[in-house]
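>>> sequence first, then the predicted structure, then my questions.
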Amino acid sequence: MPAYEIVKFPESVKEIMNIPDSEWLAMGIALGYADMATRVNEYRAPRVPLDEMLKIKD
């Protein structure tokens with residue numbers, strides 16, 4: 001499924017994948033390389049365990 005479809009038609013994707021309204025669809029795509037000489041790229045966000053935020057549906 002092209003990533004654009006998730007952004008353009010989230011309600012359709014949620015219906016097809018049986019995702020409840022209490023859950024969100026989210027995606028992120030990083031392109032390029034971080035410029036480590038830039039201070040903003042030094043920040044590291046806290047992370048939750050993967051199994052708490054990711055569900056893979058067949």
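That came through fine. Numbering: from 1, shown residues only.

>>> in the protein, which spans are helices?
Chain-ordered helices for the chain, with DSSP state H as the definition, fall at 3-8, 10-16, 50-53.

>>> and these, which is most packed in?
Among the helices of the chain, helix 10-16 has the highest mean neighbour count (mean count of other CB atoms under 10 Å), at a mean of 12. C-beta coordinates here come from the backbone N, C-alpha and C atoms, glycine included.

>>> R44 is nearest to which of the helices of the chain?
Closest to R44 of the helices of the chain, according to CB to CB: helix 50-53, at 16.2 Å.

>>> for the closest one, list the C-alpha coordinates in CSV.
The C-alpha trace of helix 50-53 is given here as CSV (Å, rounded to 0.1, in the frame of the first residue of the first chain):
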residue,chain,number,x,y,z
LEU,A,50,7.8,-1.3,20.1
ASP,A,51,5.1,-3.7,21.1
GLU,A,52,3.2,-0.9,22.8
MET,A,53,2.9,1.2,19.7
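
>>> other SSEs contacting it?
Helices and strands touching helix 50-53, as assessed by 3 or more CB pairs under 8 Å, 6 or more residues apart in numbering; DSSP states H and E, are absent.

>>> so how far is it from its chain's centroid?
Offset of helix 50-53 from its chain centre (CA atoms, centre = their mean, to the nearest Å): 12 Å.
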